[in-house]
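Q: sequence first, then the predicted structure, then my questions.
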Amino acid sequence: MSTEFDAIVIGGGPAGYPCAIRLGQLGQSVACVEEEEYGGVCLNWGCIPSKALISNAHLYHKAQTAAEVGLSFSDIKLDVPKMQTWKDGIVKKLTTGVRGLLKTNGATVVEGRGRLLDSRTVEVTGKNGKQTLKAKKAIVIATGSATIQVPGFEFDGKRIIGARQAVSLKEVPKRLLVVGGGVIGLELGMVYQAFGAELTVVELTPSLLPGTDPEAVKVVERTLKKRGAKIFTETRAEGFELAPSGAVRVKLKTKSGDEVVECDQVLVAVGMKPRSRDLGLEALGVQIDPRGFVPTNDVCQTNVPGIYAIGDVSGAPMLAHKASKEGEVCAEVIAGHKAGKDWTSIPGIIFTDPEIATAGMSEADAAKQGHKVKLGKFPFSALGRAMSIRETDGFVKVIMDAETKRVLGVTVVGPSASDLISEAMLAVEMTASAEDLALTVHPHPTLGEAMMEAGAAALGHAIHIANR
């Protein structure tokens, strides 16, 4: 194997492997260094496996309530080990595919942990010892992020777990307490709630899903409570002790006093932190901010020439699709092409039940930026397609500039929000007007009609609801 390349990418996750693939396509010699499994957090224990479980949880819940529409299932069984085998098969297929794509596009796969010795040299420590790689043009830091641990709730893999363990449980806990009412905590908490766990959610801030449209959050919160969840906001989990029965007694400091909640398993899901330390960056003078992120400019360069950073390690939003796009931009720049982080917005998706998805500005952000805001809102409860699939909770909300009629942002909470938001992203990216949404003929009966109707509602002439 050659030890000299045009570029070396450290990390084979959603940022690193697209970067390496694109570099190969552009005729650059490239090595992609990965210490665990290609695909990173997303493919191995994040996005993909969690969504596989979420899909099953949704199906399981709908099957249990199908009698109301004339479908009776006499014996619905949940085989968790079999489900995990199926989920692992998806992960294996995708991670193997990433390796294949890297090789097909001319990238060299290097297994081991990479560390910079200087701005052109990477030392890789692997199973067979150490090797040194040289980069003629660039080194790309794509090391991603890691789970934040809460003092007093260190993972033991059994009673106290993180997201990595939560996607691979072999049985459903009877009582699950989630520390952290953010995206990861609610996504996985609702999975096991659907499978029969009694769910308790503990959130430090005044609201679940901090930073998300409060109207959308209320829809999800209603579902949680309807299914029996106990929710503690403005509450700190301060520690735990084991009961003689083996149960976990979690000590909570609530806004009204101290409380103890007993459960069988605790999922700690308070977020992710960038993996920027112990890579040799500090010694080279690469700037790392107080939160651990590596700041970059609009072409993914750090403050040190020849060193780039992409994906979670380079800053929020810590999302796989943002990471992949940065990877492609970075590759184009290294290969001498014109490219940049010139997108208008990055979509956000929360795979709760129902889903929440956002594009562009929120209502609050638009007002802060000085826009005179007008809203168009269409509920799924008024949509024939939503009724036919028994998923009528939620709405599409179009945030419009009242003067220019431009679509500033869209929030969707409801069925298939994760798919519907792509149309909204296109509208935001191309500076479409609400009239563009309203005049575009949407097929009937579909969920997408809610986007058209919400655009029309912003203009005051929705057909299937009373206009404000």
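A: Cool, the structure landed. These figures come from a predicted structure and were not determined experimentally.
Q: use CA for all of it now, contacts and neighbours both
A: OK.
Q: which residues in this protein form helices?
A: Applying DSSP state H to the chain gives helices spanning 16-25, 40-44, 47-64, 80-104, 163-166, 183-194, 214-226, 320-334, 363-368, 384-388, 417-429, 434-439, 449-459.
Q: what is the burial count for the closest residue to residue 42 other than its chain neighbours?
A: Among residues not flanking residue 42 along the chain, residue 48 sits closest, at 6.2 Å (Cα to Cα, 6 or more residues apart in numbering). A count of neighbours around residue 48, defined by other Cα atoms under 10 Å, yields 20.
Q: again, but for residue 423
A: With other Cα under 10 Å as criterion, residue 423 counts 15.
Q: quick check: buried residues in stretch 2-22?
A: Neighbour-count burial for stretch 2-22 flags 4-22 (criterion: 16 or more other Cα atoms under 10 Å).
Q: pLDDT averaged over that stretch - what is it?
A: Mean pLDDT, taken over the full extent of stretch 2-22, equals 96.
Q: for residue 256, find the nearest of the helices of the chain.
A: Residue 256 lies closest to helix 214-226 among those, at 20.0 Å (Cα to Cα).
Q: which strands or helices does that closest one pack on?
A: Judged by 3 or more Cα pairs under 8 Å, 6 or more residues apart in numbering; DSSP states H and E, the packing partners of helix 214-226 are strand 407-414.
Q: what residues are bridge-paired with residue 240?
A: Counting by DSSP bridges, residue 240 forms beta bridges with residue 250.
Q: go ahead and confirm it touches residue 250.
A: Yes - using Cα atoms under 8 Å, residue 240 makes contact with residue 250 at a distance of 4.3 Å.
Q: ok, those two, which is more surrounded?
A: The neighbour count for residue 240 versus residue 250, taken as other Cα under 10 Å, is higher for residue 250 (21 against 18).
Q: please list all residues in contact with the more buried one.
A: Residue 250 makes contact with 237-241, 260-263, according to Cα atoms under 8 Å, 6 or more residues apart in numbering.
Q: report how many residues lie close to the nearest residue to residue 310 once chain neighbours are set aside.
A: Residue nearest to residue 310 in three dimensions, not counting chain neighbours: residue 142, with 5.3 Å by Cα to Cα, 6+ apart. Residue 142 has 31 neighbours, counted by other Cα under 10 Å.
Q: likewise residue 141?
A: Using other Cα under 10 Å, residue 141 has 29 other residues around it.
Q: per-residue confidence at it?
A: Residue 141 is assigned 98 on the pLDDT scale.
Q: isn't it right up against residue 306?
A: No - with contact defined as Cα under 8 Å, residue 141 does not reach residue 306; the gap is 10.8 Å.
Q: can you list the helices of the chain in CSV and add distance to residue 245?
A: Below are the helices of the chain laid out as CSV (distance: least, Cα to Cα, whole Å):
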stretch, distance to residue 245
helix 16-25, 46
helix 40-44, 34
helix 47-64, 29
helix 80-104, 24
helix 163-166, 22
helix 183-194, 22
helix 214-226, 28
helix 320-334, 41
helix 363-368, 48
helix 384-388, 45
helix 417-429, 42
helix 434-439, 58
helix 449-459, 51
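Q: between these, which one is nearest to residue 346?
A: Set against residue 346 and scored by Cα to Cα, the helices of the chain come closest in helix 320-334, at 6.7 Å.
Q: what is the closest one packed up against?
A: helix 16-25.
Q: go again using 10 Å as the cut-off
A: Helix 320-334 sits against strand 4-10, helix 16-25, helix 40-44, strand 129-141, strand 307-309, with contacts defined as 3 or more Cα pairs under 10 Å, 6 or more residues apart in numbering; DSSP states H and E.
Q: for stretch 224-242, buried residues please.
A: 224, 229, 231-233, 235-237, 240.
Q: ok, back up a step: tell me who's in contact with the residue nearest to residue 42.
A: By Cα atoms under 10 Å, 6 or more residues apart in numbering, the residues touching residue 48 are 39, 41-42, 54, 87-88, 90-91, 94, 167.
Q: remind me which residues of this protein are low pLDDT?
A: Low-confidence segments of the chain (pLDDT under 70): 1.
Q: what residue is smack in the middle of it?
A: residue 319 (5.2 Å; Cα atoms, centre = their mean).
Q: sorry, back to before: which among the helices and strands packed on helix 320-334 is found nearest to residue 362?
A: Closest to residue 362 of the helices and strands packed on helix 320-334 is helix 40-44 (Cα to Cα; 26.0 Å).
Q: what does that closest one rub up against?
A: For helix 40-44, the external contacting residues (Cα under 10 Å, 6+ apart) are 11-17, 34, 36-38, 46-50, 88, 90-95, 98, 142-147, 164, 167, 319-320.
Q: was I right about the residue nearest to the centre of the chain contacting residue 346?
A: Yes - counting by Cα atoms under 10 Å, residue 346 is a contact partner of residue 319 at 8.8 Å.
Q: now do the shared contacts for the two.
A: Shared contacts of residue 319 and residue 346, counting by Cα under 10 Å, 6+ apart, come down to nothing at all.
Q: quick check: residue 388 touching residue 445?
A: Yes - shown here, residue 388 and residue 445 form a contact pair, counting by Cα under 10 Å, at 9.5 Å.
Q: and the contacts of residue 48, which two are furthest apart?
A: Farthest pair in the contacts of residue 48, by Cα to Cα: 39 and 54, 19.6 Å.
Q: between those two, which one's more packed in?
A: Each of residue 39 and residue 54 has its neighbours counted (other Cα under 10 Å); residue 39 has more, 28 against 23.
Q: thought residue 97 was touching that one, still the case?
A: Yes - here residue 39 reaches residue 97: they are 9.3 Å apart, a contact under Cα under 10 Å.
Q: identify the contacts common to the two.
A: By Cα under 10 Å, 6+ apart, residue 39 and residue 97 have these common neighbours: residue 91.
Q: between the two ends of stretch 177-189, what distance do you get?
A: This stretch, stretch 177-189, spans 8 Å end to end (Cα to Cα, to the nearest Å).
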